[in-house]
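**Student:** I would like the atomic coordinates for the input below:
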Amino acid sequence: MDAEEPFRLFRSWLTEAEASEPNDPNAMALATVDADGLPDVRMVLLKGADEAGFVFYTNTESAKGDELTANPKAALVFHWKSLRRQIRVRGPVTRVSDAEADAYFQSRPRDSRIGAWASRQSRPLESRFALEKAVATYAAKYAIGEVPRPPHWTGFRIAPVQIEFWQDRPFRLHDRVRFIRTPSGWDKTRLYP
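**Tutor:** Below you'll find the model as predicted:
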């Protein structure tokens, strides 16, 4: 963990995870808070990462969409069990541009794009049949041509103010390094395990 800025180290660890993790090495636990300040956490997939932040996509009418709209701050954790590593990130959240959301949406498989229209994410579902009927309805509606991005579907970017790298070591003497964003760059601090 000799890097002086966190993104090079993140890319290195993600590349190693892509080679070792059997499923979804880009999976991350995303934490938000509801209107009462009660934390909520779920797994989402990282779809972009650079110095501007960490990007994922969702239905803005979902629980996470509502929570991020009301309180645009979040935390996330990557955990790669096979590598015995984790990365924690905290920061403010903004929506990606419409152009970014459109480009990513069009890169998804057609059935996933139909699903984005059909799913009323996080709301009660009376039966599996109701979901399958909604999928069939939107599949028929968009049978010809491109499936446009729904207005309620976009990406969110977490702009990190803090990134912590954790690596397992024998006898619980783990390696921990925390980067905190400052006006002049990143301050790096080694932490006790």
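**Student:** would you map the strands across the chain?
**Tutor:** For the chain, applying DSSP state E gives strands covering 27-33, 39-45, 48-50, 53-59, 73-80, 85-95, 153-158, 162-167, 175-182, 185-191.
**Student:** output the fourth one as PDB, restricted to C-alpha atoms.
**Tutor:** Coordinates of each C-alpha in strand 53-59 appear next as PDB, following Å, rounded to 0.1, in the frame of the first residue of the first chain:
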ATOM      1  CA  GLY A  53     -15.900   9.000  -8.100                       C
ATOM      2  CA  PHE A  54     -17.600   5.600  -8.000                       C
ATOM      3  CA  VAL A  55     -20.700   5.200 -10.200                       C
ATOM      4  CA  PHE A  56     -23.700   2.800 -10.000                       C
ATOM      5  CA  TYR A  57     -27.100   2.900 -11.700                       C
ATOM      6  CA  THR A  58     -30.600   2.500 -10.300                       C
ATOM      7  CA  ASN A  59     -34.300   3.400 -10.400                       C
END
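**Student:** that strand: how far from the chain's middle?
**Tutor:** Distance of strand 53-59 from the chain centroid (C-alpha atoms, centre = their mean, to the nearest Å) equals 5 Å.
**Student:** can you list the residues that contact it?
**Tutor:** Residues outside strand 53-59 that contact it (C-beta atoms under 8 Å, 6 or more residues apart in numbering): 28, 30, 44-49, 64-65, 76, 89, 91, 96, 100-101, 104-105, 116, 119, 121-122, 150, 152-160. Placement of C-beta: from N, CA and C, glycine included.
**Student:** try it again with 7 Å
**Tutor:** If you take C-beta atoms under 7 Å, 6 or more residues apart in numbering as the criterion, strand 53-59 is touched by 30, 44-49, 64-65, 76, 89, 91, 96, 104, 116, 119, 121, 152-160.
**Student:** PyMOL command to pick out the buried ones of those residues?
**Tutor:** To isolate the buried subset of the contacts of strand 53-59 in PyMOL, counting by 16 or more other C-beta atoms under 10 Å, use the following:
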select buried, resi 30+44+46+47+48+49+64+65+76+89+91+96+104+116+119+121+153+154+155+156+157+158+160
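**Student:** related to what we said a few turns ago, please identify the deepest-packed of the strands of the chain.
**Tutor:** For the strands of the chain, the largest average neighbour count (mean count of other C-beta atoms under 10 Å) is found in strand 153-158, namely a mean of 23.
**Student:** is it true that A3 touches W13?
**Tutor:** No. Counting by C-beta atoms under 7 Å, A3 stays clear of W13, with 10.1 Å between them.
**Student:** of these two, which one has the most company?
**Tutor:** More neighbours surround W13 than the other of A3 and W13, with 20 against 16 (other C-beta atoms under 10 Å).
**Student:** chain neighbours aside, what residue packs nearest to that one?
**Tutor:** Excluding its sequence neighbours, the residue lying closest to W13 (C-beta to C-beta, 6 or more residues apart in numbering) is R85, at 6.1 Å.
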